[in-house]
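Peer 1: Just need the structure, nothing else, for what follows:
(chains A and B)
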Amino acid sequence: MATVPAYRAVITGIGCTSPFGVGGSALVADVLRANATAIRPITGFPTANLSSCLGAEVPAACLPVTEEGRRWSRLSQMTVLACRQAVAEAGLCGSDMLNQAGLVVGSEFGDLRSTEAFSLGFLHKGPLGLSPLLFPSTVMNTMAGTTSIALGLKGPMLTLNQAGVAGELAIVRALALLHAGRAPVVIACGVDELFPLLYETLVQLQVLSPRGRGAEACRPFDQRHNGPVLGEGATAVVIEAPAPARARGAPILAEVRSLCWGGIPTPSGRYAALPHAPPQILSQALREASVCPEDIGLAYLSGCGDPQHDALELAYMTATFGAHGPWLSSVTHLTGDYGGLGAFRVAAATVTVGTGLAPLLDYLCQPMRADVRFVVQPVAPPPTVVLVHGLARGGTHVALLVGRPQGADDRVE
Amino acid sequence: MSQRYTGRNDRRVVVTGLGVVSPYGRDCQAYWQGLSQGRCMLGPLSLFPTEGFRSDIGGEVNVTITRTLGKAHRSRATRFLVAAAEEAVCHAGLGAAELATAAISIGGAGGGMLEAEAWYWAHYHQHPERRQRVALRSMTPAGQTDALACRLHIGGPRESPILACSSSAAAIATVADLIETGVVEVGLAGGVDTLTRLCFMGFNALKLLDAQACRPFARDRRGMSLGEGAAVLVLESWRHATARGASIRACVAGCGISSDAFHPTAPPTDAEGAVRAMREALARAHLTPADITYVNAHGTGTVQNDRAEAVALETVFGAGKVLVSATKSLIGHTMGAAGAMEAAATILALETGLLPPTANLWEPDPTILFDCIPHVARPCSLECAMSNSFGFGGQNVSLIVLHPDVLG
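Peer 2: Residues are numbered from 1 along each chain as shown, chains lettered A, B, ... in the order given. Next up is the predicted model:
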């Protein structure tokens, strides 16, 4: 477990390529306000022979049709669009700061579509069938590389591979880069896409809803949960040190008040092996932000509908906050689940502290626990500090506190 | 040295443990013995068929070595990584308490792709019975990092940076940042990659594989040879290391990270991004170019990359002002593991006062104005050295390591 000590940063821009379209903080606010799920039967590939058919797909119409965009893989297109939108919202278009800007991309699987297409070239035609244009996309840093070229980002560029919480980790690493003085501004992006063979394999392994029981649906924290439903998308946030951001007149959407992250050593891929006693990460994040548990108005959880994951996360919440914990919410029932989704959770938290909007878990008929408060109606008063909590298979664990911006001139865009 | 390295005293980042799995063997000693003897390990590959490709050679870790690397049901990459990390932790004398809060960052490019390919091949040829679940568990690089964290009970921040061929150099840089800024006291940083069909096919498609053993910085160089391996460094704050009486092997004085924002696979001809990475590393180390004696080059053996790196070295240091060698000529390009393996080689060079040679350099490229230490290791008393790593996507990482005597 570790924290970036006594360090604050501000979020000045948001960009999303999502099943709801492409946009910035206004799009995220619309998603939270509408509370309408993007999960529906998948149309991008056949699922007729599978026991699952649901997903949240980014519509083809959202992706670029320009000559430049056609050269990029689908996943890189999503990443570039999200980062471009975030940079625009932060008022950085054309800025010299982009020459020094850092970029961190978090992804669980990277560009498996390109990897398969490249491999099929060989399987169909042997060495002569291999495409030199596809090969670079088989390396997981292809989304970051493409984005840095498209946006002219010349600072440190990292891609982090991580199950479950790749989006949160991208934001954590962005803060660490700022803290180390490696860049004046960092764009952090979480991204993953639906990939037919992975989907099919996860269905066969009974990882996805419905796992042979009940109806297929994404219902985190409800006793009827029976596995996750996959989604896809890219969400980017622009993160800066507060003083320079204010000095350049950037829109301050929210502050990152603290972050804490670590790993729980456990056999890879098993939630069951994780301890039910919470690691100190949550309480440490509160201490670092100098806030009490009662100050946390709302928490975005990473619960995805996997019964063990949901149970663990709720156990951590109750053990940390007791009976007076924050309102608990989630975006997963709207977006579907994917490794880079944490960046969208942080974007949602940013909007929540500015507007009070939060997704309603209106599908909850049989909540898993009675000793926690789920958001089933609009939250009042609007939370000023929101927890974003991520827990991954393999034990990587992240807690970020996102707060309403402080300072007379700050305003929420 | 123009200015003694005294920056940030207690937070200086030191190396207290090293572990390496390489084509030479399963430990650091075998690795250094092989490198310093200039023994080229590039030979016929046995891991997968190579018919129809431009090359059939590489730096493979042979079966005699792999038999000694723990449980066979783990992926090849995980076995390499665990062995390297266990050696590093043992050298450093780290205990359970230190590991419980240590950071871990393991860079890679392919992860357990060798097994994932076998899974996919079986899927494609409709042999579901041959699809092994280990392939899915270890498919991504994070799978190896998780497996290592589980094995050694490492509980601190965990990352798997993917920066193509500079992945593990970036892992060292980012863990060093966490130590310097007071986030953690101890961290394991390194990388692992194994030979894979995918990588072999990819560089073949790009026409970047040399049919013969690669010849970095040679006039007639024709491309790279691939290799495999793992290296892990134990990094600590100077304060922590000295408090527990650990033996300090080197200091990671400065790291530079930059992007070209230029082309997916090619560097710009002026190597501007590489220059920025080297200069950032020097600035963070509070050193001048004149302080650096030796550079372990990225040196892949491709026409374009070697040329660009030489331009960058000229720009930063001046023609002929540093000694340069490319250890990829001995073991091949180990992809995501290369940065950490070469950082380890650079530290071993500091410790022994012996610079590893560039193999196969019979006829140096006359436009590359550096002494590239052909064939035979060179005795040289040195205090400061640099290790460069560059990758697809325009990723540049430069590390500067110091002899512990310089710390004062």
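Peer 1: make it CA atoms for all contacts and neighbour counts henceforth
Peer 2: Will do.
Peer 1: remind me which residues of the stretch 1-150 of chain A are low pLDDT?
Peer 2: A:1, A:3-6 (pLDDT under 70).
Peer 1: All the strands of it, in order from the start?
Peer 2: A:2-3, A:9-18, A:21-23, A:40-41, A:54-55, A:102-107 (DSSP state E, counting those that start in this stretch).
Peer 1: give the contact list for A:Arg257.
Peer 2: A:Tyr7, A:Arg8, A:Ala9, A:Glu288, A:Ala289, A:Leu400, A:Leu401, A:Val402, A:Gly403 (Cα atoms under 8 Å, 6 or more residues apart in numbering or on different chains).
Peer 1: any idea how far the fourth one is from chain B?
Peer 2: Using Cα to the nearest Cα, to the nearest Å, A:Glu288 is found at 12 Å from chain B.
Peer 1: And that residue, what's its pLDDT?
Peer 2: For A:Glu288, the pLDDT comes out at 87.
Peer 1: helix or strand for it, which one?
Peer 2: According to DSSP states H and E, A:Glu288 maps onto helix A:281-289.
Peer 1: before we move on, the earlier item: could you point out which of the strands of the stretch 1-150 of chain A sits nearest chain B?
Peer 2: Using Cα to the nearest Cα as the measure, strand A:2-3 is the one of those that comes nearest chain B, at 5.9 Å.
Peer 1: tell me the average confidence for the host helix or strand of B:Ala142?
Peer 2: For B:Ala142, the host element (DSSP H and E) is helix B:141-152. What helix B:141-152 shows for mean pLDDT is 94.
Peer 1: just the helices in the chain please.
Peer 2: Just so you know, I chose chain A. Along chain A, counting by DSSP state H, helices occupy A:25-34, A:67-70, A:74-89, A:112-125, A:142-151, A:166-179, A:196-204, A:242-247, A:281-289, A:307-321, A:332-335, A:342-355.
Peer 1: wrong chain, I was asking about chain B
Peer 2: Under DSSP H, chain B gives helices at B:28-36, B:63-66, B:76-92, B:96-101, B:113-124, B:134-137, B:141-152, B:167-180, B:197-205, B:238-243, B:272-284, B:303-317, B:328-331, B:338-352.
Peer 1: Which of those helices has the lowest mean pLDDT?
Peer 2: Taking the mean pLDDT of the helices of chain B, helix B:134-137 comes last: a mean of 74.
Peer 1: interface residues of the stretch 151-300 of chain A facing chain B?
Peer 2: When proximity is defined as Cα under 8 Å from any Cα of the partner chain, the stretch 151-300 of chain A approaches chain B at A:151-163, A:176, A:179-180, A:261-269.
Peer 1: Throw together a ChimeraX command that grabs the buried residues out of those.
Peer 2: In ChimeraX syntax, the buried subset of these is picked out as below (16 or more other Cα atoms under 10 Å in any protein chain shown):
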select /A:151,152,153,154,155,156,157,158,159,160,161,162,163,176,179,261,262,263,264,265,266,267,268,269
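Peer 1: List the contacts of B:Trp117.
Peer 2: Rather than Trp, residue B:117 is Glu. B:Glu117 touches B:Thr196, B:Arg197, B:Leu198, counting by Cα under 8 Å, 6+ apart.
Peer 1: Just give me the closest of these to B:Leu399.
Peer 2: Closest approach to B:Leu399 among these (Cα to Cα): B:Thr196, at 27.1 Å.
Peer 1: what's the closest non-adjacent residue to the closest one?
Peer 2: Leaving aside its sequence neighbours, B:Thr196 sits nearest to B:Leu114 (Cα to Cα, 6 or more residues apart in numbering or on different chains; 5.0 Å).
Peer 1: hang on, isn't that neighbour packed against B:Arg197?
Peer 2: Yes. B:Leu114 is in contact with B:Arg197 according to Cα atoms under 8 Å; the separation is 7.0 Å.
Peer 1: Neighbour count: the two, which is higher?
Peer 2: More neighbours surround B:Leu114 than the other of B:Leu114 and B:Arg197, with 24 against 17 (other Cα atoms under 10 Å in any protein chain shown).
Peer 1: count of residues packed around the closest residue to A:Leu202 other than its chain neighbours?
Peer 2: With sequence-adjacent residues excluded and distances taken as Cα to Cα, 6+ apart, A:Leu202 is closest to A:Leu208, at 6.2 Å. Look at A:Leu208: counted by other Cα under 10 Å, it has 27 neighbours.
Peer 1: again with A:Met368
Peer 2: Around A:Met368 there are 18 residues (other Cα under 10 Å).
Peer 1: Also B:Thr288?
Peer 2: Neighbours around B:Thr288, by other Cα under 10 Å: 16.
Peer 1: do A:Thr115 as well
Peer 2: 18.
Peer 1: roughly how far apart are the residue nearest to it when sequence neighbours are not counted and B:Gly336?
Peer 2: Once flanking residues are discounted, A:Thr115 sits nearest to A:Thr138: 4.7 Å by Cα to Cα, 6+ apart. In this view, A:Thr138 and B:Gly336 are 14 Å apart by Cα to Cα, to the nearest Å.
Peer 1: now stretch B:121-130, how far from the chain's geometric center?
Peer 2: Distance of stretch B:121-130 from the chain centroid (Cα atoms, centre = their mean, to the nearest Å) equals 34 Å.
Peer 1: Show me what that stretch is in contact with.
Peer 2: Defining contact as Cα under 8 Å, 6+ apart, one finds that stretch B:121-130 is touched by B:Trp119, B:Arg131.
Peer 1: ends of it, how far apart?
Peer 2: End-to-end for stretch B:121-130, by Cα to Cα: 9 Å.
Peer 1: Could I get the buried residue list for it?
Peer 2: Result for stretch B:121-130 [16+ other Cα under 10 Å]: buried residues B:Trp121, B:Ala122.
Peer 1: residues from the stretch 151-300 of chain B in reach of chain A?
Peer 2: Counting by Cα under 8 Å from any Cα, the stretch 151-300 of chain B sits next to chain A at B:151, B:153-164, B:177-178, B:181-184, B:198, B:201-202, B:204-206, B:257-265, B:273.
Peer 1: Just the buried ones from those?
Peer 2: B:153-164, B:177-178, B:181-184, B:198, B:201-202, B:204-206, B:257-265, B:273.
Peer 1: Cross these against strands and list the overlap.
Peer 2: B:Arg158, B:Glu159, B:Ile257, B:Ser258, B:Ser259 (DSSP state E).
Peer 1: May I see those organised as JSON lines, with pLDDT added?
Peer 2: Formatted as JSON lines, those follow (pLDDT from 0 to 100):
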{"residue": "B:Arg158", "pLDDT": "95"}
{"residue": "B:Glu159", "pLDDT": "97"}
{"residue": "B:Ile257", "pLDDT": "98"}
{"residue": "B:Ser258", "pLDDT": "98"}
{"residue": "B:Ser259", "pLDDT": "98"}
